[in-house]
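Novice: Sequence first, predicted coordinates after that:
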Amino acid sequence: MSSAVTLSRRLLLERPLAAPDGAGGFSQAWETLGSVWAEVVARTGRDVDGGAMTLSAARYRITLRGAPVGSEQRPTPDCRFREGDRVFAIDAVTEKDGHGRYLVCHATEEVVS
């Protein structure tokens, strides 16, 4: 029996978009696909050497309603969630149960500390 899921946080789902940089190359921009309601649970955290600065990397489990494979509302590991200034890079996506009612996204948030 699965535990109850509380979808209480509104997140924007974004995917990378290659934008011309004007010099023959491309820069990465982000396209908003829409908003989703999610449950965000902190998992672990650690400091990461960011060269001239220290980064704190926190891992999260983000659960949201299921979406069919191929749907723009179904996150993939190249996508990210945004909540205001906070960004959660999606590392992996799994289904919570065999029925696909919910998706679980394993994500990382990096913050300059």
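Specialist: That came through, no problem. Just so it is clear, the structure is predicted and the values come from calculations on it, not from any experiment. Residues are numbered from 1 along each chain as shown.

Novice: Three-state assignment for the residue sitting furthest away from the middle of the chain, please.
Specialist: Distance from the C-alpha centroid of the chain, by C-alpha atoms, centre = their mean, peaks at residue 23 (30.2 Å). Under DSSP: H, G, I helix; E, B strand; the rest coil, residue 23 falls in the coil class.

Novice: How far does stretch 106-113 sit from its chain's centre?
Specialist: 10 Å (C-alpha atoms, centre = their mean, to the nearest Å).

Novice: Can I get it in PDB, CA atoms only?
Specialist: The C-alpha coordinates for stretch 106-113 follow below in PDB (Å, rounded to 0.1, in the frame of the first residue of the first chain):
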ATOM      1  CA  HIS A 106      15.100  12.600  -8.200                       C
ATOM      2  CA  ALA A 107      16.600  16.100  -8.300                       C
ATOM      3  CA  THR A 108      19.500  18.200  -7.200                       C
ATOM      4  CA  GLU A 109      19.500  21.900  -6.100                       C
ATOM      5  CA  GLU A 110      22.900  23.700  -6.100                       C
ATOM      6  CA  VAL A 111      23.300  26.800  -4.000                       C
ATOM      7  CA  VAL A 112      26.300  29.100  -3.700                       C
ATOM      8  CA  SER A 113      27.300  29.100   0.000                       C
END
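
Novice: Which parts of the strand ranked longest in the chain count as buried, going by neighbours?
Specialist: Counting by DSSP state E, the longest strand found in the chain is strand 26-49. Using 16 or more other C-beta atoms under 10 Å as the test for burial, strand 26-49 gives 33, 36, 38, 39, 40. Backbone N, C-alpha and C define where each C-beta goes, glycine included.

Novice: What of stretch 57-66?
Specialist: Neighbour-count burial for stretch 57-66 [16+ other C-beta under 10 Å]: 59, 60, 62, 63, 64, 66.

Novice: Which members of those residues are positioned in strands?
Specialist: 59, 60, 62, 63, 64.

Novice: how near is the first one to residue 33?
Specialist: I take that to be residue 59. Plainly put, residue 59 is 23 Å away from residue 33 if you go by C-beta to C-beta, to the nearest Å.
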